[in-house]
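*Asks:* sharing a model prediction with you, sequence too.
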Amino acid sequence: MKSIRLKYCTDNRCTFKFVNQNSVADLEILASTGGQVNLRLSLKVGEPILLTGSTESIEAISQRWQRFQTSVEIFFDLADYTIIK
């Protein structure tokens, strides 16, 4: 099953959560300001997940997402992005 990997951190530790691709309605690239890329991972059920990161450009994340959707890749890694909400 194809999944998106997210990293949740607290003061004590970080844990990873895997979201099944079938649970995802859309990945939207909101903006790029000051080297930060903001994303919204919309789920079919529940609140959207807002993320921010500076690991790659808008073009790179967009290409990576398109490749993930059409290829046999199992994981789409968003662990380098910080979850805002």
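*Replies:* Structure's in. What do you need?

*Asks:* which stretches of this protein aren't confidently modelled?
*Replies:* Within the chain, the stretches with pLDDT under 70 are 85.

*Asks:* let's see that with 80 instead.
*Replies:* Residue ranges of the chain with pLDDT under 80: 31-35, 55, 85.

*Asks:* mind listing the helices for it?
*Replies:* Counting by DSSP state H, the chain has helices at residues 58-70.

*Asks:* farthest from the middle of it: give me that residue.
*Replies:* For the chain, the largest distance from the centre (CA atoms, centre = their mean) belongs to Asn12, which lies 22.5 Å off.

*Asks:* where's that residue relative to Glu73, distance?
*Replies:* 32 Å (CB to CB, to the nearest Å). For the C-beta atoms, the positions are set from N, CA and C on the backbone; glycine is no exception.

*Asks:* so what's the spatially most central residue of the chain closest to, chain neighbours aside?
*Replies:* Central residue of the chain (CA atoms, centre = their mean): Leu78, 4.2 Å from the mean position. If the residues on either side of it in the chain are set aside, Leu78 comes closest to Leu6, at 5.5 Å by CB to CB, 6 or more residues apart in numbering.
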